[in-house]
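Q: can't give you the sequence, but here's the structure:
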C-alpha cells in the first residue's frame, strides 16, 4: 500500500508540475489562492514608436492653449549663440496628438535655419535607439529644450557644433492616429545672435 501511495503522490506531483508548465507556456499562471484585484491605469494607445507599449511621460502638463491650434511658443525672440532654446508646445485641439522624439537634440521639435527664402532643418540626435512616441493631451503641453552646444549636433554642424547666427524657427510634426498624414506646426521666427 505504501508503494501505491508513493506512486499516487508522484503522479499528482507530476500532474501539478505539468499544469504549472503549461500555464507558464501559455502566459498564465496557476491559481495559488485568493488573489487581490490589481488596479490598472490605462494610458492612450500609441500608434507608433516606443516599444514600451505606451507614450513617453503621460499626456504632458496643463498649459494655456489657443483653441483649435497646436502652437509652439519660444521663451525669447533672441538667443545668444550656443544658449539653450526653450519652447512650449501646446495642444489646443480636442484630442491627443502624437509625435516622435529623436528630432533636434533628441527632442520632439526640429530647429530650422532660414536660408534665403527657405527653411533648412538642423537635425541631430546621437542616441542610438529607435524614436519614442510622445503624447500631448488636449489642453496640455510639453516643454522642449534644445541645446545648440549639445554633442547631438556635432555630426551635422561640424567641429564647432553650434548653429551660426541667423534667423531660426522650431517645427513640430504630429499626428492623431497611425496611418494618418502628419500635420505640422511652426513657431514664430527667432534670432540666434553672435
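A: Nice, I can see it. Here the structure is a predicted model, which is why all the values come from computation and not from measurement.

Q: Domain map for the protein?
A: Annotated domains of the chain cover 1-31, 61-193 [automatic domain parsing].

Q: quick one: terminal-to-terminal distance for the longest one?
A: Read it as domain 61-193. End-to-end distance for domain 61-193, by CA to CA, to the nearest Å: 31 Å.

Q: Using the three-state scheme, assign residue 66.
A: Recorded secondary structure, residue 66: coil (DSSP: H, G, I helix; E, B strand; the rest coil).

Q: Tell me where the model's unsure across the chain.
A: 1-56, 155-162, 178 (pLDDT under 70).

Q: just the domains of the chain: most buried one?
A: With neighbours taken as mean count of other CB atoms under 10 Å, the domains of the chain reach their highest mean count in domain 61-193, at a mean of 17. All C-beta spots, glycine's among them, are computed from the backbone N, C-alpha and C.

Q: how near is the closest residue to residue 80 other than its chain neighbours to residue 120?
A: Excluding the flanking residues, the one nearest residue 80 by CB to CB, 6 or more residues apart in numbering is residue 193, at 5.9 Å. Using CB to CB, to the nearest Å, one gets 19 Å for the distance from residue 193 to residue 120.

Q: likewise residue 131?
A: Distance, residue 131 to residue 120, using CB to CB: 21 Å.

Q: can you give me the helices in the chain?
A: If DSSP state H is used as the criterion, the helices of the chain fall at 2-25, 154-157.
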